[in-house]
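Asks: just need the structure, nothing else, for what follows:
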Amino acid sequence: MNKKTSINTLFFDLDQASRICRLFGAQNFKKSCKYNLVFDEFLILDYISQNPECCQIDLTNALLKGKSHVSKILNQLEQKCYIERIQDIKNNRIIKKIIITKQGNEVFKNTENQMKKILSVIEKTLDKTEVERCRKFLQEIKQAIKNTNYINLD
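Replies: All right, here's what the predicted structure looks like:
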């Protein structure tokens with residue numbers, strides 16, 4: 001009889017795949033990054049590069065990280081002169097908009113190119129249609145979980 005256990009579920013498989021992807025990214029990032037940058041800082045620079053009007057709360061929500069964790073990383077990036085935080089108004093509230101500096105952009109672009117080379121090795125082994133189906137399915141899972149109201153992302 002094939003008994004359904006916690007480790008024999010879709011959610012366990014997703015968790016394991018996510019952890020392996022994260023380890024793969026972090027370990028290969030560490031080997032290939034020539035700059036004073038860690039993987040979480042790179043991910044934040046990546047988000048900022050795609051969302052130039054973002055602020056800390058946007059990062060917290062998008063990356064599902066705590067406010068203090070994101071604040072610590074932003075402070076590190078600011079100390080390295082990779083970002084600047086500029087006071088602005090968004091939805092009638094004062095925020096600090098995050099801007100990537102020229103130096104930060106150079107570091108990000110060079111590191112992004114290295115990461116693309118590393119990821120392309122794996123992507124070549126995957127069927128593009130299956131990857132798109134998988135990504136769509138993962139989005140559906142995320143939305144289904146959000147719709148249950150059993151999780152608070154704030």
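
Asks: grab the nearest non-local neighbour of the residue nearest to the spatial centre of the chain.
Replies: The residue lying closest to the centre of the chain (CA atoms, centre = their mean) is Leu43, at 4.7 Å. Closest residue in space to Leu43, ignoring its immediate chain neighbours: Leu63 at 6.7 Å, by CB to CB, 6 or more residues apart in numbering. All C-beta atoms are positioned from the backbone trio N, CA, C, and that covers glycine.

Asks: I figured the one you found hits Glu41, correct?
Replies: No - Leu63 lies out of contact with Glu41 (CB atoms under 8 Å); the separation is 11.7 Å.

Asks: common neighbours of those two, please.
Replies: Between them, Leu63 and Glu41 share no contacting residue under CB atoms under 8 Å, 6 or more residues apart in numbering.

Asks: which residue ranges of the chain form strands?
Replies: Remark: strands assigned in the chain by DSSP state E are 83-90, 93-100.

Asks: could you dump these to a markdown table with distance to Leu37?
Replies: Converted to a markdown table, the strands of the chain look like this (distance: least, CB to CB, whole Å):
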| stretch | distance to Leu37 |
| --- | --- |
| strand 83-90 | 12 |
| strand 93-100 | 12 |
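
Asks: would you format those as JSON lines with distance to Asp13 and mean pLDDT included?
Replies: Listed next are the strands of the chain as JSON lines, based on distance: least, CB to CB, whole Å; pLDDT from 0 to 100:
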{"stretch": "strand 83-90", "distance to Asp13": "36", "mean pLDDT": "91"}
{"stretch": "strand 93-100", "distance to Asp13": "35", "mean pLDDT": "92"}
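
Asks: turn the ones you listed into CSV, including mean neighbour count and distance to Gln139.
Replies: Below are the strands of the chain laid out as CSV (neighbours: other CB atoms under 10 Å; distance: least, CB to CB, whole Å):
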stretch, mean neighbour count, distance to Gln139
strand 83-90, 14, 26
strand 93-100, 16, 26
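
Asks: and of these, who's closest to Glu53?
Replies: Glu53 lies closest, by CB to CB, to one member of those: strand 93-100, at 6.4 Å.
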